[in-house]
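Undergrad: Sequence isn't available, so here's the structure alone:
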């Protein structure tokens, strides 16, 4: 069983920031047995087609890329590729079926990472490999970066592999370190829920170049600040600039670069305050910081699109919601909210109705799935042998 995850603050992981996340109890289930031979056969209850291939120690990215297959099968091929590339000897594949809630794919809650992690864990079990979470984080990143060619960091797989129920997972994306933040006194997990409101947008309205441009602007801002303090600028990251240095030299930043840096450094401060709020069981303050993060994502990072912004405003204005933000950059997917459990069911109905009023065509695309999901926090991914 692999959980999906959601992030609560978002100084982009590719900027080397610190992020907070949780695993959710809505995820991906892979039922499998060892094939006993070097063959993988997988079916999905969400996608058409099946995945079937054989592998050996000579498997390479190039040798698998031309095989006609269901597109989601690339995660299985990528898992084999990643394990062999890291030097693990695997001789047994798996036969299995992947299942999960309808509508999660493309929704911006790391379901693709959940699929990759589930296949890795299954292959490791079939081959008697006992790998720690940190190694599996690198393996799943290899699936996405090296095999699929995506520019992902470690946020999604870290949350999936490290999280604990009722706790906040804090991930330093630059140093690739994490810590689990537990409340100082037990938060009644029945007292709050995590609410996911889906936009119906499974593909970004704008191109990836919009996102990449923002990353470049952050690098330009980092370059200016690092030059101002006289430090190495070969690989400029805003996370290399200390808060006091930013405060001293931020007037040298202009236009978009000034906005991007303001978002990053204000987000770092929100992460710090959010960790403290969670430790102190202060859900109202934590929620307020989530909403402030969402506002800065729109105002300073200039992310989001009209449907996503409309959905966020609806969620934030719903009774019982402590706070909400985009789950990701806000170009597609969903909004995530922390909500008083007593209001959750009524809130879900309210959000679904209001979104239908402002975006009827997009709402229609998700009416047969789950327009709004009410979730609990969950433990990390695991293999159930019973």
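TA: Thanks, I have it. Being a predicted model, the structure only gives us computed values, none of them experimental. Numbers count the residues shown, from 1 in each chain.
Undergrad: excluding its backbone neighbours, what's nearest residue 361?
TA: Leaving aside its sequence neighbours, residue 361 sits nearest to residue 200 (C-beta to C-beta, 6 or more residues apart in numbering; 8.0 Å). Glycine gets a C-beta too; all of them are placed from N, C-alpha and C.
Undergrad: Enumerate every residue touching the one you found.
TA: For residue 200, the residues meeting the contact criterion (C-beta atoms under 8 Å, 6 or more residues apart in numbering) are 307, 359, 361-366.
Undergrad: Quick one: classify it as helix, strand or coil.
TA: Three-state secondary structure (criterion: DSSP: H, G, I helix; E, B strand; the rest coil) places residue 200 in coil.
Undergrad: pLDDT averaged over the helix or strand harbouring residue 289 - what is it?
TA: Secondary structure assignment for residue 289, by DSSP states H and E: helix 283-299. Helix 283-299 shows a mean pLDDT of 95 in the predicted model.
Undergrad: Would you mark the buried spots in it?
TA: The neighbour-count check on helix 283-299 (16 or more other C-beta atoms under 10 Å) flags 283, 285-294, 296-298 as buried.
Undergrad: With stretch 43-56 instead?
TA: Applying a neighbour-count criterion of 16+ other C-beta under 10 Å, one finds 43-44, 46, 51-53, 55 buried in stretch 43-56.
Undergrad: For those residues, give me JSON lines that also has distance to residue 322 and secondary structure.
TA: Formatted as JSON lines, the buried residues of stretch 43-56 follow (distance: C-beta to C-beta, whole Å; DSSP: H, G, I helix; E, B strand; the rest coil):
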{"residue": "43", "distance to residue 322": "40", "secondary structure": "strand"}
{"residue": "44", "distance to residue 322": "35", "secondary structure": "strand"}
{"residue": "46", "distance to residue 322": "31", "secondary structure": "coil"}
{"residue": "51", "distance to residue 322": "41", "secondary structure": "strand"}
{"residue": "52", "distance to residue 322": "47", "secondary structure": "strand"}
{"residue": "53", "distance to residue 322": "47", "secondary structure": "strand"}
{"residue": "55", "distance to residue 322": "47", "secondary structure": "coil"}
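Undergrad: min pLDDT across the residues you listed, which one?
TA: With pLDDT as the yardstick, residue 46 is the minimum among the buried residues of stretch 43-56, at 76.
Undergrad: before we move on, back to that, distance to residue 89 added to the buried residues of stretch 43-56, as JSON lines?
TA: JSON lines is the format used below for the buried residues of stretch 43-56 (distance: C-beta to C-beta, whole Å):
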{"residue": "43", "distance to residue 89": "27"}
{"residue": "44", "distance to residue 89": "28"}
{"residue": "46", "distance to residue 89": "32"}
{"residue": "51", "distance to residue 89": "22"}
{"residue": "52", "distance to residue 89": "22"}
{"residue": "53", "distance to residue 89": "18"}
{"residue": "55", "distance to residue 89": "12"}
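Undergrad: what comes into contact with stretch 302-313?
TA: Contacts of stretch 302-313 (C-beta under 8 Å, 6+ apart): 197, 199-201, 204-206, 211, 214, 256, 259, 294, 297-298, 324-326, 329-335, 351, 355, 358-359, 362.
Undergrad: next one: stretch 255-273
TA: 9-12, 15, 17-20, 170, 214, 217-218, 220-222, 224-225, 238, 243, 246, 250, 253, 285, 289, 292-293, 296-297, 299-302.
Undergrad: where's that stretch relative to the chain centroid, distance-wise?
TA: Here the centre of stretch 255-273 is set off from its chain's centre by 20 Å, with C-alpha atoms, centre = their mean, to the nearest Å.
Undergrad: and what of stretch 43-59?
TA: The chain centroid and the centroid of stretch 43-59 are separated by 24 Å under C-alpha atoms, centre = their mean.
Undergrad: what's near enough to touch residue 167?
TA: Shown here is residue 167, whose contacts under the criterion C-beta under 8 Å, 6+ apart are 22, 180-183, 377.
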